[in-house]
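# how would this look folded up:
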Amino acid sequence: MPAADLVAHFQQRTRPNFFSGFVRPTSEVAAMQRSLFPEETDELISTAERITTDHCWPLLGLMETCFGNPIDWHRDPLSQFTWPLDYYADIDLQRGDGSDVRFVWEQNRLGHFLTLARAYAITSERRYSDEFYQQVESWHASNPLGLGVNWNCAMEVALRAMNLLGAFTVFRCDSEFDEQKLFSLLTLLDQHGRFVHSHLEFSHIATSNHYLSNVVGLLWLGVMLPELEQAETWRTFGLSEMLSEMDKQVLDDGADFESSTGYHRFVLELFLYSFLLCRANEIEIDSHHWDKLHRMLRYVCAYLRPGGDAPLIGDSDGGQVFPLRHHRGDDHAYLLALGAAVFNDSQLKVADVSPELLWILGAQGIEAHSKLAAEEVAQGSQSFPNAGIYIFRDRDLYLLFNASDSGLNGRGSHGHNDALSIDVSACGRPFIVDPGTYVYTADSSQRHLFRSTAYHSTVEVDYTEQNTTSEEMPFVIGDEARPRVLEFDLGPSLEALTAEHYGYRRLPQPVVHQRRVVLDKEKRYWFLSDKLTGVGEHSLAFRFHFAPGLQTTVRPDGIVEAIDTTSDARLLIAAYELNEIQARRPELEARFSSSDYGTKKPSMSACWSVRTGLPFELNFVIVPICAGEDETERLNSVLSFED
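Next comes the predicted model:
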């Protein structure tokens, strides 16, 4: 086919289909974008301008980052280290000098091309298309096939290909689109597909989100570029393997099997966007897998705190699959608007319409969402026994109890030492939280700290980790804890859970930690009891990790008080031994929390320490007091220590 005819073919073809907002005509989507999301539209165009004029755009928790002119595709913006253009397999990713390849990989996923594409679709400004083509050429020239860190990981190659496909769908309609631009893009995308297919991150022992990204990338390339020689092979293989991985990686209750809410969001995006791409192109996926996708969305809906943010259980690197806009690591709610429209599920209509809904499903998606009546029944307590996650809810009260294993079928990777830890919200804001992740290889000691037992709201015995970890192996964690739930009872006024873990059985004098939590819905407080059984004398540390921004003190009566000074809401925690009314006095410890990769904020932990023989039991009452409530009355009804 002559080059001119090939260009015309790509500009005029109506099949295959992509997401509604990315295909012609875009005028309706552009008008709806401006009408429904005026502030987001202004921000979108402003970001596109910064990309075009200054080569700056948001990057994970670092927010806006500038990459130079010309763009340096190999420089780590955190440490300023420039990764070498060596053969990809010879590059050591763990350097110990503050560099973190995660930031470079995020830049080179080219998700900012979707910002340029959306801005172009809304404004028809040629400078956005020109910038796209120039950056594609710059990237291709700076990253020869197989050389440099940007070819080091097939997952990154696959995700980059997906973002290139999304931008290509829009920019192929540009009046200046010619055979040179077309051949350059096709060559680059063909290289990506062939590289991924020959460097699959597959293991017979265990596959993870990496291999899933590989096969999803191949599926997208095969569907969207049937003109390529290997397209049919990629499409068939990618579809089959994607569904097989869903069976492996998604538990029956809908949770991703890596014991991480952050990676649940990432894997959910991989499946959700891919299923919708298949549906748009009449590629059949059986109801079993659609049902599992639905359960993944229901799981998100269940674990979101009353304020709408997500607890960051396990690792969270802030990764997004098809980043139409930047979302913090603890922002998962935007996927529920899309899920509500896809599944006609009013229970998922807990968030407003999002730009993702418009650009993925178009006007029909907005209409489908608007027709749904929001679920009027208040969400109650739920259990996800396969995931090991149990959630107590009553109006504004929220407690997540973590009884999950280390993830990846016990092989670990993105799990933390958080067995029997809790996450607590009340009065519309989080009080007790998981600290998040912060960074991976940039700081091995911080990586080790953020996933440690001492950084979570659980019990540490003899300064030992619940599961074995090593600072030298940042993505390896043992599975000694193996939490087991003994009771989960949802009564009309009291709800209770009892669980234990066995991570401390490997001590010279073995110890078992059992924790019981009771929610009293009438008196609005939680009772928590920690029992340590075994023999000998041990050092015990009972901790609660507070959210950043709280004014945390230990009162003269020994009660820990965490106050949200903006609303005057507070959380009180008091501890006492069995049959002993006098409360123990804790110490406050300086900590950090991270809601997005690469950033952290100061926070506090309250720690009750004791050196004692076993068995030993320490009880706690956790009492929220919202603005306007009488503290004396609340304390008199709860802190009697008579239970």
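
# which stretches of the stretch 351-500 of the chain form strands?
382-384, 389-394, 397-402, 422-426, 429-432, 459-461, 469-470, 473-477, 484-490, 494-501 (DSSP state E, counting those that start in this stretch).

# just the stretch 501-643 of the chain next, same as before
Under DSSP E, counting those that start in this stretch, the stretch 501-643 of the chain gives strands at 511-520, 525-534, 537-545, 551-554, 560-564, 569-577, 587-593, 601-613, 616-625.

# Nearest the geometric middle of the protein, what residue?
With distances taken as CA atoms, centre = their mean, residue 262 lies nearest the centre of the chain, 2.0 Å away.

# And that one, which helix or strand is it part of?
Following DSSP states H and E, the helix or strand that holds residue 262 is helix 261-280.

# ditto for residue 241
helix 231-249.

# go on, residue 51?
Per DSSP H and E: helix 38-54 holds residue 51.

# sorry, back to before: what does the helix or strand just after the helix holding residue 262 rub up against?
Counting by DSSP H and E, the next helix or strand C-terminal to helix 261-280 is helix 287-303. The contact list for helix 287-303, computed with CB atoms under 8 Å, 6 or more residues apart in numbering, reads 243, 246, 250, 252-256, 261, 264-265, 267-268, 271-272, 275, 310-311, 313, 332-333, 335-336, 339, 343, 345, 347-348, 350, 379, 382, 384, 387, 389, 391, 400. Where C-beta positions appear, they are placed from N, C-alpha and C, glycine not excepted.

# could you check the angle strand 397-402 makes with helix 287-303?
Going by axes from the mean of the first three to the mean of the last three CA atoms, to 10 degrees, helix 287-303 is angled at 120 degrees with respect to strand 397-402.

# Between helix 261-280 and helix 287-303, find me the angle.
Using the same axes, to 10 degrees: helix 287-303 against helix 261-280 is 140 degrees.

# Distance check, the residue nearest to the centre of the chain against residue 273.
Separation of residue 262 from residue 273 (CB to CB, to the nearest Å) stands at 17 Å.

# what number of residues lie near residue 302?
21 (other CB atoms under 10 Å).

# I'd like the distance between it and residue 60.
26 Å.

# swap in residue 480?
32 Å.

# One more: residue 73?
16 Å.

# Same question for residue 512.
Counting by CB to CB, the gap from residue 512 to residue 60 is 39 Å.

# okay, those two: which has more neighbours?
Neighbours per residue, other CB under 10 Å: of residue 512 and residue 60, the larger number sits with residue 60, 25 against 17.

# what's near enough to touch that one?
Shown in contact with residue 60 (CB under 8 Å, 6+ apart): 102-103, 106, 317-318, 596-598.

# I'd assumed residue 7 was in contact with residue 178.
Yes: in this structure, residue 178 is within contact of residue 7 by CB atoms under 8 Å, at 6.2 Å.

# Okay, now the unreliable bits of the stretch 501-643 of the chain?
Counting by pLDDT under 70, the low-confidence segments of the stretch 501-643 of the chain come to 578-583, 639-643.

# Repeat that for the chain.
Ranges of the chain meeting pLDDT under 70: 1, 24-25, 375-378, 578-583, 639-643.

# Domain-wise, how is it divided?
1-202, 250-376, 388-638 (automatic domain parsing).

# export the ones you listed to CSV and tack on distance to residue 212?
Listed next are those as CSV, based on distance: least, CB to CB, whole Å:
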stretch, distance to residue 212
domain 1-202, 9
domain 250-376, 6
domain 388-638, 12
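
# now for the ones you listed, which one comes closest to residue 228?
Between residue 228 and the domains of the chain, the shortest separation by CB to CB is 5.4 Å, and it involves domain 1-202.

# coming back round to it: quick check: buried residues in the helix holding residue 241?
By 16 or more other CB atoms under 10 Å, the buried positions in helix 231-249 come out as 231, 234-235, 237-239, 241-243, 245-246, 249.

# How about stretch 492-511?
Buried residues in stretch 492-511 (16+ other CB under 10 Å): 495-504, 511.

# Scan the contacts of residue 60 and report the most crowded one.
residue 318 (29 neighbours).

# Grab the nearest non-local neighbour of that one.
Sequence neighbours aside, residue 597 is the residue nearest to residue 318 in space, at 3.9 Å (criterion: CB to CB, 6 or more residues apart in numbering).

# The one you found reaches residue 447, doesn't it?
No: Residue 597 is beyond contact range of residue 447, at 11.6 Å (criterion: CB under 8 Å).
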